[in-house]
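A.B. asks: generate coordinates for the sequence data below:
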Amino acid sequence: EIFNAHVDWSLANKTYNKNKAHKDLYRSLREQFHEVPSALVQTVRDNALEAVKATKFKRTPRKKPTSGLRYDKRTMTLRGKQLTLSCIGKRVSVILDVPEYFKEVFETWNFCGATVTYTKHTKQFWVRLVFETADPQHIDGKTQGIDRGLYHQAVTSDSQFFSSDKIREVQRRYLYNRRQLQQKGTRSAKRRLKAMSGREKRFMRDTNHCVSKKIANQPNVSVFVLEDLSSIRTQNRGKKVNKWLSSWPFYQQEQFLTYKSIALGKRVVHVDPSYTSQKCNICKHIKKTNRHKSRFHCKNCGHQTHADLNAAKNIRDDYFLSSTQGTQEQGSVNNPDVSTSFSG
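C.D. replies: All right, here's what the predicted structure looks like:
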């Protein structure tokens with residue numbers, strides 16, 4: 001209710017200024033919700049106004065009774081393994097069971113806040129702690145191009161292939177099971193659908209974690225070059241391909257690779273994806289018919305290789321071209337005769 005009151009005030013006054021909101025609402029809200037600690041009221045105020053700022057007054061952010069609650073250093077303390085939270089009435093104290101993997105984080109990183117959430121399905125509370133530390137210094141090494149597709153999760157410019165066969169098999173199985181259960185429509189079928197919910201996403205998340213970790217941990221590689229696929233779902237490529245693309249978590253894999261690379265002192269950069277699947281990595285000739293499914297055969301110089309490997313090398317070379325040689329040498333590439341195509 002405190003969150004929603006600040007949102008309504010912000011939309012009515014067309015401002016998300018925290019000082020003005022504090023002046024207009026703090027006293028009345030403290031009288032109305034006198035059992036809520038003062039620091040928690042201010043934390044909720046900041047969260048509400050930041051939500052309005054993020055939406056730029058185009059939507060009305062709302063909190064539900066079981067929505068997550070953000071905490072900061074005023075409303076939460078962490079001393080060793082003891083965590084205390086401001087609540088209605090007395091503070092709640094919890095002794096954390098810290099896994100061995102995270103002990104270094106607790107001992108050497110700076111604790112800066114947390115989010116408390118509630119899961120209705122399991123009826124559990126979760127505290128997500130936020131720590132921060134300085135980024136490590138960038139290391140020197142080679143640059144690697146990475147082509148992402150539907151038949152291979154990732155193909156690197158130095159000939160590493162990460163197949164998507166297992167992912168496609170799992171996706172097909174879940175799709176078939178969902179269709180069968182939805183068609184059946186019984187109470188037991190609905191219970192089964194509820195039990196299945198989230199399993200496919202957890203499997204995809206685990207797979208993306210494993211692949212991104214293997215790529216990020218490569219020795220002697222300091223820069224990973226990816227295609228900018230931010231607009232990949234805006235083009236109509238047919239019902240079947242659109243279905244595949246909508247179920248493929250490219251962005252999640254990219255985010256995992258980015259934060260794992262930063263933690264190791266490495267970088268992830270992006271290039272324009274145009275013609276990377278149609279351009280020959282040897283002579284730079286661009287033609288749509290150069291590629292046929294997974295085979296690449298240049299009509300100009302006769303070069304033959306795997307299509308995804310050729311694309312990964314083009315991604316790497318495009319980054320070199322854009323960062324070092326500029327646009328002068330781009331004029332040496334022939335004018336493309338076709339529109340760009342996604343590397344499947």
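A.B. asks: quick one: the strands in the stretch 151-300 of the chain?
C.D. replies: For the stretch 151-300 of the chain, applying DSSP state E, counting those that start in this stretch gives strands covering 152-156, 161-163, 221-227, 267-271, 291-292, 295-297.
A.B. asks: can you report how many residues neighbour Leu78?
C.D. replies: By the criterion of other Cβ atoms under 10 Å, Leu78 has 15 neighbours. For the C-beta atoms, the positions are set from N, CA and C on the backbone; glycine is no exception.
A.B. asks: mind listing what's buried in the strand or helix carrying it?
C.D. replies: In this structure, Leu78 sits in strand 76-79 according to DSSP states H and E. By neighbour count on 16 or more other Cβ atoms under 10 Å, the buried set for strand 76-79 is Met76.
A.B. asks: before we move on, what about stretch 140-156?
C.D. replies: For stretch 140-156, burial by neighbour count (16+ other Cβ under 10 Å) applies to 143-156.
A.B. asks: picking that back up, can you redo the strands of the stretch 151-300 of the chain as CSV with distance to Lys120?
C.D. replies: Formatted as CSV, the strands of the stretch 151-300 of the chain follow (distance: least, Cβ to Cβ, whole Å):
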stretch, distance to Lys120
strand 152-156, 33
strand 161-163, 36
strand 221-227, 37
strand 267-271, 36
strand 291-292, 48
strand 295-297, 50
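A.B. asks: now do Thr340, the pLDDT please.
C.D. replies: Thr340 carries a pLDDT value of 39.
A.B. asks: same check, this time on Gln235
C.D. replies: pLDDT, Gln235: 65.
A.B. asks: for Ser86, same thing?
C.D. replies: As predicted, Ser86 sits at a pLDDT of 91.
A.B. asks: OK, contacts around Lys260?
C.D. replies: 212-213, 216-217 (Cβ atoms under 8 Å, 6 or more residues apart in numbering).
A.B. asks: I'd like to know how far it sits from Thr289.
C.D. replies: Taking Cβ to Cβ, to the nearest Å as the measure, Lys260 falls 38 Å from Thr289.
A.B. asks: and if you look at Lys266?
C.D. replies: Lys266 is 37 Å from Thr289, by Cβ to Cβ.
A.B. asks: what does Cys298 give?
C.D. replies: For Cys298, the distance to Thr289 equals 10 Å [Cβ to Cβ].
A.B. asks: tell me which of the two has more neighbours.
C.D. replies: Between Cys298 and Thr289, counted using other Cβ under 10 Å, Cys298 has the larger neighbour count: 23 against 11.
A.B. asks: double-check that one against Lys284; I have them as touching.
C.D. replies: No: counting by Cβ atoms under 8 Å, Cys298 stays clear of Lys284, with 9.6 Å between them.
A.B. asks: remind me which residues of this protein are low pLDDT?
C.D. replies: 231-248, 324-344 (pLDDT under 70).
A.B. asks: determine the three-state secondary structure at Asp135.
C.D. replies: Three-state call for Asp135 (DSSP: H, G, I helix; E, B strand; the rest coil): coil.
A.B. asks: element containing Val127?
C.D. replies: Going by DSSP H and E, Val127 is in strand 124-132.
A.B. asks: so what are the sheet partners of that strand and their directions?
C.D. replies: Looking at strand 124-132 with DSSP bridges, its partner strands are strand 110-119 (antiparallel).
A.B. asks: contacts for the partner strand?
C.D. replies: Contacts of strand 110-119 (Cβ under 8 Å, 6+ apart): 66, 68-73, 76, 78, 85, 124-133.
A.B. asks: and if you look at stretch 8-28?
C.D. replies: Stretch 8-28 has contacts (Cβ under 8 Å, 6+ apart) with 5-6, 41-42, 45-46, 48-50, 52-53, 57, 60.
A.B. asks: just those residues: which are in strands?
C.D. replies: Cross-referencing the contacts of stretch 8-28 against strands under DSSP state E gives no overlap.
A.B. asks: any chance of these in JSON lines, with neighbour count and distance to Glu35 too?
C.D. replies: Shown next, in JSON lines, are the contacts of stretch 8-28 (neighbours: other Cβ atoms under 10 Å; distance: Cβ to Cβ, whole Å):
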{"residue": "Ala5", "neighbour count": "18", "distance to Glu35": "16"}
{"residue": "His6", "neighbour count": "27", "distance to Glu35": "18"}
{"residue": "Val41", "neighbour count": "19", "distance to Glu35": "11"}
{"residue": "Gln42", "neighbour count": "18", "distance to Glu35": "15"}
{"residue": "Arg45", "neighbour count": "22", "distance to Glu35": "17"}
{"residue": "Asp46", "neighbour count": "16", "distance to Glu35": "20"}
{"residue": "Ala48", "neighbour count": "25", "distance to Glu35": "19"}
{"residue": "Leu49", "neighbour count": "23", "distance to Glu35": "23"}
{"residue": "Glu50", "neighbour count": "13", "distance to Glu35": "25"}
{"residue": "Val52", "neighbour count": "23", "distance to Glu35": "26"}
{"residue": "Lys53", "neighbour count": "13", "distance to Glu35": "29"}
{"residue": "Phe57", "neighbour count": "12", "distance to Glu35": "32"}
{"residue": "Thr60", "neighbour count": "13", "distance to Glu35": "27"}
